[in-house]
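1. heads up, no residue letters with this:
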Ligand SMILES: [Zn+2]
């Protein structure tokens, strides 16, 4: 990568994001408060705020005073300043959501797919984008982009498209470019765990966190890392594949070629497999939820073993990353997730074991079947609005960020 020097436009772009972030996290907020919080001059804040209002991203709610004598807190994000689409595709479902700038869910579609190969799925994804934008009756130029989440890892020799947790046939397909050509909008592609982490950072349980680790218990087990407020993806976009960390040498076979990988013990797939081996006819998270309500002993045993494996992994994560908190979320049913988190306690000693903690070591992530699709919808907003050093290092592609 070549490092470009920072020019005035890049600095302005960075400052615009700093102001947007301040309003997003703490609005309604006055211009004077933004200036104090960001160390930008009042004049700069005032200019940027006017510019963002003209673009429709910020709203000035007039001279409304909260209390007599206090300065007006008048700037908020304009919910209808723009919209994004999130798409989540896995082996069985395509979920599509349309959200506004404050993350309100405006449209949602759940489509059952069979054998989602790219030749059929890409046109279907493009069609559903067109359909939900039309259904919401929006000006198309206010739709900023599309985020897509797919199960990772991406394009690893011998690992991609192997086993029950990845999508076959997508290796070597540039999903972002192909879909962007079909829908005429910018498209960002991310794995499910990273998208969920970005979603939590933007709207959810991690709004105020700068350093956190998100354990995503999906069909497999993945993780997303937010370091210094930004997602860390690794050189090839595959950082965080914690599911393939070997926790039991010589243990269960994993499609990656190793034995005893963590996701063979901690994942929706692992739970289903264990229960089926015990003769329980289970096919979905809902089936597992029912077994939990019936106090099924095989499910109880699975939760115990999963908790033991996950507790060890958490000790490693804490010692490696020193996060403010570890978020846990994904596709396990609510009651099982709650039981699993309870059985993780007491956690092992680690660098995170401090008396003056502001946050608990573990945080439950926002639940909901659309959580990942919402995370996908945040990707274009995050790219556009979040202040990162990269904005100062990279030249702007369209000069408008
Ligand atoms: Zn593995």
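-> That came through, no problem. Keep in mind that what you see is a predicted model, and the values were worked out from it rather than measured.
2. Which residue ranges make up the domains of this structure?
-> 8-77, 81-197+372-384, 209-365 (automatic domain parsing).
3. so how far is the longest one from its chain's centroid?
-> In this view, domain 209-365 has its centroid 16 Å away from the chain centroid, taken as Cα atoms, centre = their mean, to the nearest Å.
4. which of the domains of the chain sits most buried?
-> Mean neighbour count (mean count of other Cβ atoms under 10 Å) peaks for domain 81-197+372-384 among the domains of the chain, with a mean of 20. The C-beta positions use only the backbone N, C-alpha and C, and glycine is treated the same way.
5. So residue 224: helix, strand or coil?
-> Under the three-state scheme (DSSP: H, G, I helix; E, B strand; the rest coil), residue 224 adopts strand.
6. And it, how close does it get to the ion?
-> 18 Å (Cβ to the ion, to the nearest Å).
7. for residue 37, same thing?
-> Distance from residue 37 to the ion, by Cβ to the ion: 45 Å.
8. With residue 176 instead?
-> Distance from residue 176 to the ion, by Cβ to the ion: 26 Å.
9. Surely that residue touches residue 183?
-> No: here residue 176 does not reach residue 183: they are 11.0 Å apart, not a contact under Cβ atoms under 8 Å.
10. where does residue 327 fall, helix, sheet strand or coil?
-> Following three-state DSSP, the label given to residue 327 is strand.
11. give the contact list for the spatially closest residue to residue 321 that is not a sequence neighbour.
-> If the residues on either side of it in the chain are set aside, residue 321 comes closest to residue 213, at 5.6 Å by Cβ to Cβ, 6 or more residues apart in numbering. Residue 213 makes contact with 223-226, 317, 321, 323, 326-327 under the criterion Cβ atoms under 8 Å, 6 or more residues apart in numbering.
12. Dihedrals phi and psi, residue 213?
-> phi -120, psi 130 (degrees, to the nearest 10).
13. Mind giving me the packing neighbours of the helix or strand where residue 20 lies?
-> Element membership for residue 20, per DSSP states H and E: helix 8-26. Helices and strands touching helix 8-26, by 3 or more Cβ pairs under 8 Å, 6 or more residues apart in numbering; DSSP states H and E, are helix 31-38, helix 42-54, strand 75-77, helix 371-385, helix 389-393.
14. How about residues contacting the helix ranked longest in the chain?
-> Counting residues, the longest helix in the chain under DSSP state H turns out to be helix 297-321. Residues from elsewhere that reach helix 297-321, judged by Cβ under 8 Å, 6+ apart: 211, 213, 215, 223, 225, 227, 242, 245, 247-248, 262, 265-266, 270-271, 274-275, 278, 280, 288, 291-292, 323, 326, 336, 339-340, 343-344, 347-352, 361-362.
15. Among these, which are located in helices?
-> 270-271, 274-275, 288, 291-292, 336, 339-340, 343.
16. Adding distance to the ion, write those out as JSON lines.
-> As requested, these are exported to JSON lines (distance: Cβ to the ion, whole Å):
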{"residue": "270", "distance to the ion": "12"}
{"residue": "271", "distance to the ion": "17"}
{"residue": "274", "distance to the ion": "17"}
{"residue": "275", "distance to the ion": "21"}
{"residue": "288", "distance to the ion": "22"}
{"residue": "291", "distance to the ion": "26"}
{"residue": "292", "distance to the ion": "27"}
{"residue": "336", "distance to the ion": "22"}
{"residue": "339", "distance to the ion": "25"}
{"residue": "340", "distance to the ion": "21"}
{"residue": "343", "distance to the ion": "24"}
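17. Pull the most distant pair out of those.
-> The span of the ones in helices among the contacts of helix 297-321, defined through Cβ to Cβ, is set by 275 and 343 at 17.3 Å.
18. Surely residue 74 and residue 27 touch.
-> No: here residue 74 does not reach residue 27: they are 9.2 Å apart, not a contact under Cβ under 8 Å.
19. partners of the residue nearest to residue 321 in the sheet?
-> Judged by DSSP bridges, the bridge partners of residue 213 are residue 225, residue 326.
20. Up against the ion, what does the protein have?
-> Within reach of the ion by Cβ under 5 Å from the ion, the chain has these residues: 244, 254, 256, 258, 261.
21. Correct me if wrong: residue 244 contacts residue 262.
-> Yes: at 7.3 Å, residue 244 counts as touching residue 262 under the criterion of Cβ under 8 Å.
22. picking that back up, tell me, which of the helices and strands packed on helix 8-26 is the model least confident about?
-> Ranked by mean pLDDT, the helices and strands packed on helix 8-26 bottom out at helix 389-393, with a mean of 53.
23. where in the stretch 251-400 of the chain is pLDDT low?
-> For the stretch 251-400 of the chain, the stretches flagged by pLDDT under 70 are 367-369, 388-400.
24. how about 80 then?
-> Scanning the stretch 251-400 of the chain with the threshold set as pLDDT under 80 gives 367-371, 384-400.
25. Give me the distance between residue 227 and residue 19.
-> For residue 227, the distance to residue 19 (Cβ to Cβ, to the nearest Å) stands at 23 Å.
26. cool, and residue 150?
-> Per Cβ to Cβ, residue 150 is found 33 Å from residue 19.
27. Repeat that for residue 189.
-> 28 Å.
28. now residue 219
-> 40 Å.
29. now swap in residue 334 and tell me
-> Taken as Cβ to Cβ, the span from residue 334 to residue 19 is 38 Å.
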